[in-house]
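Visitor: model the following, please.
(chains A and B)
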Protein chains: 2
Amino acid sequence: MLGAFSAQRPRLTLSELARKVDMPVSTVHRMLGDLLAWGALERDEQGHYRVGLRLWEVASLAPRGQGLRERALPYLEDLCQMTRENVQLAVREGKDVVFVERIGGSRAVPTLTRVGGRLAITATGAGLVLLAHAPTSVQNEALARPLSRHTPFTLTDTTQIRRALAQVHACGYAVSDRQLSLDTLSVAAPVVGVTGEIEAAVSVVVRHGSMPTGALADLVRTSCRAISRALHTSVP
Amino acid sequence: MLGAFSAQRPRLTLSELARKVDMPVSTVHRMLGDLLAWGALERDEQGHYRVGLRLWEVASLAPRGQGLRERALPYLEDLCQMTRENVQLAVREGKDVVFVERIGGSRAVPTLTRVGGRLAITATGAGLVLLAHAPTSVQNEALARPLSRHTPFTLTDTTQIRRALAQVHACGYAVSDRQLSLDTLSVAAPVVGVTGEIEAAVSVVVRHGSMPTGALADLVRTSCRAISRALHTSVP
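Guide: Numbers count the residues shown, from 1 in each chain, chains lettered A, B, ... in the order given. This is a model prediction of the structure:
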């Protein structure tokens, strides 16, 4: 039922909900009673259903969401103040990349990222980092999907993408150059979790051509090292 | 089931969960299967259950959580850069105050706030603002509860609190002076939503005695006005 809500449709009517979950309106109505009572959903002034604050409170306990964000935030803010650009924190969920934080100055280049949103794993710097460190089976699955082309620079050829993933291992960072929109470039590096696995990626998105990627990569990698260290010292 | 998780207990075993929800282990185990499959919950390396990233993704659609946060964030960041102190965004849920955002410099005074967490509505600047603008019935309920004393300065006398609430209406802002911890002072102002109701409060938490409250109140009120204006122009 909760899965019926999306960024495109954050508010739904009873009949829209019933259609989305493919159940009779009466059944959905009864289930809604429980969800409303608990606060998982709320009704707005127009009587539409939307995700409730109580669910958001519980979800803020997700260690890979809010927990990770809380511990990384001071370092992301430092990186943001240093670069005055968009700074993002992302994790891998299956073969997708999910952005758990995005901060940026008001003058930073507009990005497509939304907190809690997913973007193409092969077309974003953070995605390339996470995919490069994923198990081979996940990489194969991710590359077996049809890859959508956002700009003429979007990598859709699997050989090229595999070369980009190898590059991540060789350099310790990933660059996505105008793959998602024509005016942006993102540089990302990995965050190492307590178990030694790559737990997240931090990326900086800048206007294409505004900064040398090497200097940016050094900044991002330094932040990632600081966050990795913080994760190791403060296990919840 | 989801309500069994808390900031104090973000990871639970099967038997802990069954005890919390007061249901047989077998029933809970069956329900867990569905929740894990959907991603509402995850299992960590030790086999403990915790809130999952998928739930966090859906919850990020809550208009009073992430939605409000996203639209307010640029202004909160400006306020944070200006003051170099802790900046918080809070909403009222029933007779409680829930913090939906907290940003702050690494040198800012430590606070008790947690994103997605609740704090005493009568002992925080943001809480006083939200309570002052709440219906009388909510005010009466909030004041009928036993009020816990955090410091010698915590207001627990209902007459004093009612005076503080009247003060919020008279001044347009609230001050909580050492009510929650002996070294902090918070100043908060209201954010007006699209329907003309008070939708949220913004507060700045500083070290007690470090800044005149009047100057701080002017800054917070200016930010609140900017956020209110942004809410009115960008209805989702």
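
Visitor: alpha carbons only for contacts and neighbour counts from here, please
Guide: Noted.

Visitor: ok, for the most centrally placed residue in chain A, nearest residue in space, not its chain neighbours?
Guide: The centroid of chain A falls nearest to residue A:99 when counting by CA atoms, centre = their mean (1.6 Å). Spatial nearest neighbour of residue A:99, excluding adjacent residues (CA to CA, 6 or more residues apart in numbering or on different chains): residue A:90 at 4.2 Å.

Visitor: how would you label that neighbour: helix, strand or coil?
Guide: strand (DSSP: H, G, I helix; E, B strand; the rest coil).

Visitor: low-confidence stretches in chain A?
Guide: A:105-107, A:234-236 (pLDDT under 70).

Visitor: re earlier: I figured the residue nearest to the centre of chain A hits residue A:87, correct?
Guide: No: here residue A:99 does not reach residue A:87: they are 10.7 Å apart, not a contact under CA atoms under 8 Å.

Visitor: what residues does chain A put near chain B?
Guide: A:2-3, A:5-7, A:10, A:50-53, A:55-66, A:74, A:77, A:93, A:104-106, A:115-117 (CA under 8 Å from any CA of the partner chain).

Visitor: and the host helix or strand of residue A:162, what's buried?
Guide: According to DSSP states H and E, residue A:162 maps onto helix A:158-171. Across helix A:158-171, burial judged by 16 or more other CA atoms under 10 Å in any protein chain shown covers A:161, A:162, A:164, A:165, A:166, A:167, A:168.

Visitor: save those as JSON lines, and put in distance to residue A:154 too.
Guide: Formatted as JSON lines, the buried residues of helix A:158-171 follow (distance: CA to CA, whole Å):
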{"residue": "A:161", "distance to residue A:154": "10"}
{"residue": "A:162", "distance to residue A:154": "14"}
{"residue": "A:164", "distance to residue A:154": "12"}
{"residue": "A:165", "distance to residue A:154": "14"}
{"residue": "A:166", "distance to residue A:154": "17"}
{"residue": "A:167", "distance to residue A:154": "17"}
{"residue": "A:168", "distance to residue A:154": "17"}
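
Visitor: mind giving me the domain ranges of chain A?
Guide: Using automatic domain parsing, the domain parsing of chain A gives A:2-59, A:63-233.

Visitor: just name the most buried of the ones you listed.
Guide: The highest mean neighbour count among the domains of chain A, using mean count of other CA atoms under 10 Å in any protein chain shown, belongs to domain A:63-233: a mean of 20.

Visitor: which stretches of chain A form strands?
Guide: Counting by DSSP state E, chain A has strands at residues A:11-12, A:41-43, A:49-51, A:86-93, A:96-103, A:118-119, A:174-177, A:184-192, A:198-207.

Visitor: who are the packing partners of the last one?
Guide: Of the remaining helices and strands, those touching strand A:198-207 by 3 or more CA pairs under 8 Å, 6 or more residues apart in numbering or on different chains; DSSP states H and E are strand A:86-93, helix A:125-132, strand A:184-192, helix A:213-233.

Visitor: go again with 10 Å.
Guide: helix A:68-83, strand A:86-93, strand A:96-103, helix A:125-132, strand A:174-177, strand A:184-192, helix A:213-233 (3 or more CA pairs under 10 Å, 6 or more residues apart in numbering or on different chains; DSSP states H and E).

Visitor: chain center to the fourth one: distance?
Guide: Using CA atoms, centre = their mean, to the nearest Å, the mean C-alpha position of helix A:125-132 is found 11 Å from that of the whole chain.

Visitor: output that helix as PDB - backbone C-alpha positions only.
Guide: In PDB, the C-alpha atoms belonging to helix A:125-132 read as follows (Å, rounded to 0.1, in the frame of the first residue of the first chain):
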ATOM      1  CA  GLY A 125      29.400   9.500 -10.300                       C
ATOM      2  CA  ALA A 126      28.100   8.000  -7.000                       C
ATOM      3  CA  GLY A 127      26.400   5.200  -8.900                       C
ATOM      4  CA  LEU A 128      29.600   4.300 -10.700                       C
ATOM      5  CA  VAL A 129      31.500   4.100  -7.400                       C
ATOM      6  CA  LEU A 130      28.900   1.900  -5.800                       C
ATOM      7  CA  LEU A 131      28.600  -0.300  -8.900                       C
ATOM      8  CA  ALA A 132      32.400  -0.700  -9.200                       C
END
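
Visitor: picking up where we left off before, redo the strands of chain A as TSV? Include distance to residue A:220.
Guide: Below are the strands of chain A laid out as TSV (distance: least, CA to CA, whole Å):
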stretch	distance to residue A:220
strand A:11-12	37
strand A:41-43	38
strand A:49-51	34
strand A:86-93	9
strand A:96-103	14
strand A:118-119	20
strand A:174-177	10
strand A:184-192	6
strand A:198-207	7
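
Visitor: which residues touch the residue lying farthest from the centre of chain A?
Guide: Within chain A, residue A:26 marks the point farthest from the mean C-alpha position, 36.1 Å out by CA atoms, centre = their mean. Residue A:26 makes contacts with A:14, A:15, A:18, A:32, as judged by CA atoms under 10 Å, 6 or more residues apart in numbering or on different chains.

Visitor: please name the nearest non-neighbouring residue to the last one.
Guide: Read that as residue A:32. residue A:41 (7.9 Å).

Visitor: residues contacting that neighbour?
Guide: A:2, A:32-35, A:49-56, B:59, B:62.

Visitor: repeat that with 8 Å
Guide: Going by CA atoms under 8 Å, 6 or more residues apart in numbering or on different chains, residue A:41 touches A:32, A:35, A:49, A:50, A:51, A:52, A:53, A:54, A:55.

Visitor: pick out the most distant pair among these.
Guide: A:32 and A:53 (15.3 Å; CA to CA).
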